[in-house]
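> Need a 3D model of the following:
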Amino acid sequence: MSWLVVLLILYVIWDVNYFIRCVFTVFAGRLFQRKRKVTDTTAIYGLCTSQDVDIFIRHMNNARYLRELDFARFHFYALTGLYERIRERRGGAVQGASSVRYRRTIPIFHPYKIQTKLIWWDDKAIYLEQQFITLSDGFVRAVAMSKQNITNCNVLEVLKTYPETAQRPEKPEELKLWLDAIELSSQKLRKDK
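From the prediction side, this is the model:
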């Protein structure tokens, strides 16, 4: 009986489902999928359930998109081995910025996939593009850009260990504009100090 109380308390104060899903996503990817090049697109699948929807119980709520993007990033790190290479250098990865463009909702009980792709990098961060695509029609429902700050190590040095990154791609125009907007915001915040 006491272990049930402990379990209940854990569910109340700690998001147990989130951590279970993280572990499942990483280990399922490692066990059942082949390793990928860091420049490959990875994909995870999901279903919009009653736990994912907004107050009107019609479609996925905005906060759930961000949560699902976490799982897709963890999956990307696991399949490419990128996080292990960062950790070998005593580094870490933290979300530096993200932007989501919602194009159409994902209705309740609709399956979808999230594709994750490394689109550019500099010495301090990697930049990912992630897309929510419904399986029924192949429509891109949302597009997210993510800046993953890599701490305590040089990204260029880490990525040199991947032969496929010998030539860095050109920075996509939408990434340039997004980074400019972030810089403008940072300048404003520095002025406000």
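
> quick one: stretch 116-131 to chain centroid distance?
Per CA atoms, centre = their mean, to the nearest Å, the displacement of stretch 116-131 from the mean C-alpha position of its chain is 10 Å.

> whoops, stretch 141-150 was the one
The mean C-alpha position of stretch 141-150 is separated from the chain mean by 6 Å, CA atoms, centre = their mean.

> what does it contact?
Outside of stretch 141-150, the residues within contact range by CB atoms under 8 Å, 6 or more residues apart in numbering are 65, 69, 73, 86, 91-106, 112, 124-134, 158, 174-175, 178-179, 182. C-beta here means a position set from N, CA and C on the backbone, and glycine is covered the same way.

> In strands, which of those fall?
Among these, the ones falling in strands (DSSP state E) are 92-102, 112, 125-134.

> are any of these buried, and which?
When the ones in strands among the contacts of stretch 141-150 are checked for burial by 16 or more other CB atoms under 10 Å, the buried set is 93, 96-98, 112, 125-134.

> what's Gln148 sitting at in phi/psi?
When read as degrees, to the nearest 10, the backbone of Gln148 gives phi -100, psi 110.

> Lys176 - how many residues pack around it?
12 (other CB atoms under 10 Å).

> To clarify, my last question referred to Phe24.
By other CB under 10 Å, 11 other residues sit near Phe24.

> What of the one 5 residues further on?
Taking other CB under 10 Å as the criterion, the count of residues near Gly29 is 21.

> residues touching it, list them.
By CB under 8 Å, 6+ apart, the residues touching Gly29 are 42, 44, 75, 78-79.

> if we go to 10 Å?
Taking CB atoms under 10 Å, 6 or more residues apart in numbering, we find Gly29 in contact with 35-36, 42, 44, 71, 74-79.

> so which of these would you say is closest to Asp54?
Closest approach to Asp54 among the contacts of Gly29 (CB to CB): Phe71, at 19.6 Å.

> in what helix or strand does the closest residue to the closest one other than its chain neighbours lie?
Leaving aside its sequence neighbours, Phe71 sits nearest to Thr25 (CB to CB, 6 or more residues apart in numbering; 4.8 Å). Using DSSP states H and E, Thr25 sits within helix 16-32.

> Over to Asn149?
Using DSSP H and E, Asn149 sits in strand 140-151.

> Same question for Lys171.
Going by DSSP H and E, Lys171 is not in any helix or strand.

> from memory it sits against Ile119, does it?
Yes. Using CB atoms under 10 Å, Lys171 is in contact with Ile119, at 8.4 Å.

> Mind listing the shared neighbours of those two?
With CB under 10 Å, 6+ apart, Lys171 and Ile119 have common neighbours Tyr127.

> Now do the SS call for Val6.
Val6 falls in the helix class when you classify it by DSSP: H, G, I helix; E, B strand; the rest coil.

> Tell me how many other residues crowd it.
Counted with other CB under 10 Å, the neighbours of Val6 add up to 9.

> And it, how far from Ile13?
From Val6 across to Ile13, the span is 11 Å (CB to CB, to the nearest Å).
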